[in-house]
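**Student:** Give me the fold of what follows.
(chains A and B)
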Protein chains: 2
Amino acid sequence: MEAMNDSLTIGSLLNFAVQNEPDQEVSYRGSETLTYKRFGKRATMLAKALVSEGLDPGDKVAVLDWDSLRYLECYYGIPMSGGVLHTVNIRYPPELILRTMLHAEDKFIMVRDEFLPMIEPAKDMVKGVKLWIVFSETGSFKTSLSPVIWYEDLLKRGDAELPAIKENMTATTFYTSGTTGNPKGVWFTHKQIVLHTMAELSSVNAPPLKITSSDVVMPLVPMFHVHSWGLPYMSLVKGMKYILPGKYDYGLILDTIRKEHVTISAMVPPILFMLLNHEKAKDVLPSSGLRTIVGGGAMSSGLFAMSRKMGVEALGGYGMSETCPLLTISVYNNSVLGLPEEERLKFNSAAGIPVTFVELKVMAENGKEVPHDARSIGEIVVRSPWLTEGYVKDPEASRELWRGGWLHTGDMAMIDSLGYVRIVDRAKDAVKSGGEFIPTILLEDYISSCPGVLEVAVVGRKDEKWGERPVAFVRVSPGLNEGKIRDHLSMLVGQGKISKFWIPDSFEFVPEFAKTSTGKIDKKPLKARVTS
Amino acid sequence: MEAMNDSLTIGSLLNFAVQNEPDQEVSYRGSETLTYKRFGKRATMLAKALVSEGLDPGDKVAVLDWDSLRYLECYYGIPMSGGVLHTVNIRYPPELILRTMLHAEDKFIMVRDEFLPMIEPAKDMVKGVKLWIVFSETGSFKTSLSPVIWYEDLLKRGDAELPAIKENMTATTFYTSGTTGNPKGVWFTHKQIVLHTMAELSSVNAPPLKITSSDVVMPLVPMFHVHSWGLPYMSLVKGMKYILPGKYDYGLILDTIRKEHVTISAMVPPILFMLLNHEKAKDVLPSSGLRTIVGGGAMSSGLFAMSRKMGVEALGGYGMSETCPLLTISVYNNSVLGLPEEERLKFNSAAGIPVTFVELKVMAENGKEVPHDARSIGEIVVRSPWLTEGYVKDPEASRELWRGGWLHTGDMAMIDSLGYVRIVDRAKDAVKSGGEFIPTILLEDYISSCPGVLEVAVVGRKDEKWGERPVAFVRVSPGLNEGKIRDHLSMLVGQGKISKFWIPDSFEFVPEFAKTSTGKIDKKPLKARVTS
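**Tutor:** Okay, here's the model as predicted:
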C-alpha cells in the first residue's frame, strides 16, 4: 500500500500510455515507426541495459542527438533506469558542450555518430565515463572512444532488474544559459515531470487548441530544449500519434506535415516564421488544420496575422528552462469564452493564463502585485510543484532565483483584467536569435578578449527573420577596426568557443558608455538606440 | 524550496481557483451566490476558526447536511485547517449514522438544524466533541447540544494562523456500506484528492463530454457520497460556475437547470430515470444541452436511449468509495474517434476507459488478465495514486482489499478490443450456474429491454443441480406477463445475445423495490426472499 505513494514516476506514464493505446504509433519522419507497445518494450530494454552496464541510481546519462526515436526512448528509459537524463544542447559551441558535461559529471554518454568528430578530441577530459553509446543507423561507425557500444547492441544486454524508483528522485537535468554568462544546470524529479504532464493534459484540451487523442503531434522544439516543452510525455499519455522530425529541414518538415497529417506542433517564433515563408508552405499549411503553441519569445502581431493567413492557428505560451517549462498558455478561460469570436482572437498571441497549479504574480519593484490593467509592468514570479529547486552546485544563484519563496523569472510583463499575461521584455539582457539564447555576458567576454577592445556591450535588435540579432557597442583603442574584431571572433568559432550565429550583425564604436550606479554599463540607452 | 514539495494540498486548489477566476460564482439553487473570491475568503475563515476553537491536525470534523454552500465551504475549509472532513451519509438510518461517527471519533460536528432532532438524543454517546456547529439560515435554533455555535458566528472567530499542511496528511474520510454488513471507513490524503482532481481535469475535456470553463455544473451526486465524485474540487479548478441543488427536489432541480443554464451534471441511473420522467422534463431538458456522467451502477441501454430521446447526453463512468472515486469514463479514445458517429454511440453507455494514471486489469479467477474480447469475464483490479490505503481500523479487510498489490473492486467486467470496460456484475451478486457466471447486470439490461419492464433485479437461488439459478424480480406496466418476457428472452437467445441457461427459472412480480441510500435497488431483501 505504501508503494502507491511513490507512483508519480516516468515509468508509470509509459505504463499508462501502453495500456491505453498499445497500437498507437511513434514515428521518425514516417521512415521508422513503432507502436507504443514496441516503443515501451524498447524503452524498458534500455533502462534494464543501463542497469546491467553498471548504472547506479542518480548517474547522469548525457544524450547528444537530433529529435529521433532513440532520443524518445531515452526520455523514458533513462529515468526508468534510475539514471538522470541529461539533454545536452548540441547547438552550444563544443567548448560549452564539454563544460556542461564536465559540470554534470555524466557517467554514460549517448551520442549520434555525426557528433563523434566533435566529441572525440575531448574524450580524455571527460573523466569517469562508464560507457559511451553511439546512435548509428547501421552500427558501422569508427571511433577512438572506449569503452563504447552501439545503441542496438546495448539494448540486447537488458536483463537486469529495475530499481524501485522514488518519485522524488531526479529524472532529468540540462543547462540553460539564460541571461548571464555560464550555463547553469537545472533539474527535475519524476514527480515534477508527472505533475507537469498532468497540468498540460488539463490545459491543452481547452479551446481554441482543443487537442484530442486523434490529433497527430510533431513538436518543433528540439528535445534538448526543456523537455521539448513536455510534449514527449504529454502526447503519449494522451494517446496521440507522435512524429519526430529529426534534424530540422523545413522542406522535409512540411512534407511530413502533409504525409502524416500533423495537426499539432510547438515552436519558437523564428521557426514559425521560417515555416510560413517556405516555398512549400502554401501547398501544405492551409489544408493541414495545424494548431501550434508558440513560446520561447513573444509572438509579434505581424507573425500572428501571417499564420492566420496561412490557416495556421498559433497560440501563445510561456515558460523557461527553470520551470519545466510550461507556466501559461493562451487557451480561453471563462471570461474570454463569453466574448464574440473576433474579440477572442486578441488573446491568442498573449503568453496566456496560468496552467493548472501555477501560482503567478506580476510583481512591481516594491514587491507588490501590479494591478491587472494591461498597462502596469512588473516581473513575473511564480510558484508551482514542478519548478527547479535551484541551479546545480550554485547555492547562491539558487537563493537568488527563489528569493522570498517565489521563483523570479526575470521576465517583465503586464496582466489584463481577464487574467492574460503579456511578456513585454524578455529577461533584460538576453538576445534570442533563431530560438537560441546568445548569452550576452559570455559573448561580451569573448569580444573583449580581442586586443584593443576596451569595453563592450551587446544588445538585441529586433529582426523579422531571427526574432533578434545581436549588436555590439564597443569602445576601442586607436587602430582597431571592425574587420579585426570579426577576424578574432571567427577564430573563436574555429576553436569551438562560440557559435557562428553569435557574431553580432553590426558593431557600433562609441567614445564612452553611460554607467549604472554600480558601475556597470547601462544597457537601456543602447537598447533604445537599436530600436529607434 | 523544500516547501514546493508539499504543494499538492486542497488549499492550493482553492488558491488556484480564486487566482484564475475571482469573479466566477458558486450558487445555492440561484438563491444565494458567492464569487470564488468571497467563497475562498469564507472557506479560509472557516479553517482559521476551527484552529482557533482548538482543532488539532488530524481531528475529524463531521458534516451532516444536504448539498449546500456551507458544505462546499467545508470541502475546502476543513482540510485547510489540518482537520479531516468526515462526510456523513445522512441517508443512513440514525443508528448507523451514530455508529460511523463513533467509529471516526469526530471532534467537531457540523449539522444542519433540521437534523438536530435526530442527533440530540444520541449526544451523550458521542464523547470528546470539542464543538457542535449548527448550519441555520437565521441563526435562531434551539438545541440541548453543548458547547454549540452557529456556523456564521464560528466564522467570525477566524483569527488563528493556519498550520503547514503536508500533502500526505489525511484530508477526507467517510463510510461505505457497499451492499454488505457494517459500513467501513475509507480515507484520502490531500495529495490523493489533488491528483484525482488533475486526472479528472485531463479526462473530462475529451469528446463527447467536452467540458469547458463556460459550462455550468450542478452535480446530482450528494456531497456525502465519495466527494460528490470529485466535482466540488474539479469544477472550481476548471473555473466553472457551480450550482448546489440542496435537498433533491426534481421539479426544483429542473427549474434550476433552466434558470442557471446548467450544462453538466453527474448522477446514478435511478436519478437520471426520475429526472427524465418528471413532468417538467420535456419543457427543460431538450433545449438544455445537458451532458451528464452516469455512474454508481451500469446504465441500461433502455435508459441510455431514453436520455438521448430527451436530448441529454449521458456518458458512463465507473468508480467506488474506495477509489476516490473515478476510475474509468466513457469519453472517446483515439480508436473510437476513428469510427463513424453511429458506431461511437455504442461506447457512451460503457463504464469506459481508465482515466489518466489508473492502471486497470480485468482478472480471471486464475489471476491472469482476461483477453480483450468483450466476452471474457473477470474481476476489475486497479492501481492508482488516489486509492484508499485501506479501511479505518480494519487491517484484515484492508489486506483483503489490496491482496497481491492491487485493489480488488469486487466488480465483474468485460473489456473490448478498444479498451472499453463494461461492468457485468458485482462479484457478490454474481450468479454462478453450472460453473458459469451469469452476469446479472447484463441480464437485467436485456430483461429491461422488453417493452413494459420498468425495473428489474436478478438474484441467485441455491440449486442442488446447478449450484445456483437466477430468479428475476420485475416491476412492470399493466398487461405484461411472464410469458411475454420469456418470449423476449428466447428471441435474444436466438439472436445470440444471451445464453439459454441465463433465462431465469422464475419471475417474481413486485409493486416496488426497496432502494439503498444511493437509490440503487437493494438486493439484500430479495436474496433473503429466495433463500428462505
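**Student:** what residues does the stretch 151-300 of chain A put near chain B?
**Tutor:** The stretch 151-300 of chain A has residues A:168, A:191, A:195, A:198-199, A:201-202, A:205-207, A:212-214, A:237, A:239-241 near chain B, with proximity defined as CB under 8 Å from any CB of the partner chain. For the C-beta atoms, the positions are set from N, CA and C on the backbone; glycine is no exception.
**Student:** Just the buried residues from the residues you listed, in ChimeraX please.
**Tutor:** Here is the ChimeraX command that selects only those of those that count as buried (16 or more other CB atoms under 10 Å in any protein chain shown):
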select /A:191,195,198,199,201,202,205,206,212,213,214,237,239,240,241
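**Student:** Just the ones of the residues of the stretch 151-300 of chain A next to chain B in helices?
**Tutor:** Among these, DSSP state H puts A:191, A:195, A:198, A:199, A:201, A:202, A:237 in helices.
**Student:** any idea how far residue B:374 is from the fourth one?
**Tutor:** Right, residue A:199. 35 Å (CB to CB, to the nearest Å).
**Student:** Show me the helices in the stretch 151-300 of chain A, by range?
**Tutor:** Taking DSSP state H, counting those that start in this stretch as the criterion, the stretch 151-300 of chain A carries its helices at A:151-155, A:190-203, A:231-238, A:250-260, A:269-276, A:281-284.
**Student:** right, so of those helices, which gets closest to residue B:254?
**Tutor:** Set against residue B:254 and scored by CB to CB, the helices of the stretch 151-300 of chain A come closest in helix A:190-203, at 31.1 Å.
**Student:** Identify the residue nearest the geometric centre of chain A.
**Tutor:** Centroid-nearest residue in chain A, with CA atoms, centre = their mean: residue A:225, separated by 2.3 Å.
**Student:** quick one: contacts for that residue?
**Tutor:** By CB atoms under 8 Å, 6 or more residues apart in numbering or on different chains, the contact set of residue A:225 is A:87, A:89, A:296, A:435.
**Student:** got CSV for these, with neighbour count, pLDDT and secondary structure too?
**Tutor:** Putting the contacts of residue A:225 into CSV (neighbours: other CB atoms under 10 Å in any protein chain shown; pLDDT from 0 to 100; DSSP: H, G, I helix; E, B strand; the rest coil) gives the following:
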residue, neighbour count, pLDDT, secondary structure
A:87, 25, 98, strand
A:89, 19, 93, coil
A:296, 27, 83, coil
A:435, 22, 79, coil
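**Student:** burial count for residue A:122?
**Tutor:** Neighbour count of residue A:122, defined by other CB atoms under 10 Å in any protein chain shown: 16.
**Student:** go on, residue A:76?
**Tutor:** Using other CB under 10 Å as the criterion, residue A:76 is surrounded by 26 other residues.
**Student:** and if you look at residue A:137?
**Tutor:** 10.
**Student:** Would you mind measuring from it to residue A:90?
**Tutor:** 18 Å.
**Student:** My read is that residue A:19 contacts residue B:353, right?
**Tutor:** No. Between residue A:19 and residue B:353 there is no contact under CB atoms under 8 Å: 9.6 Å.
**Student:** Quickly list what's touching both of the two.
**Tutor:** By CB under 8 Å, 6+ apart, the residues touching both residue A:19 and residue B:353 are residue B:419.
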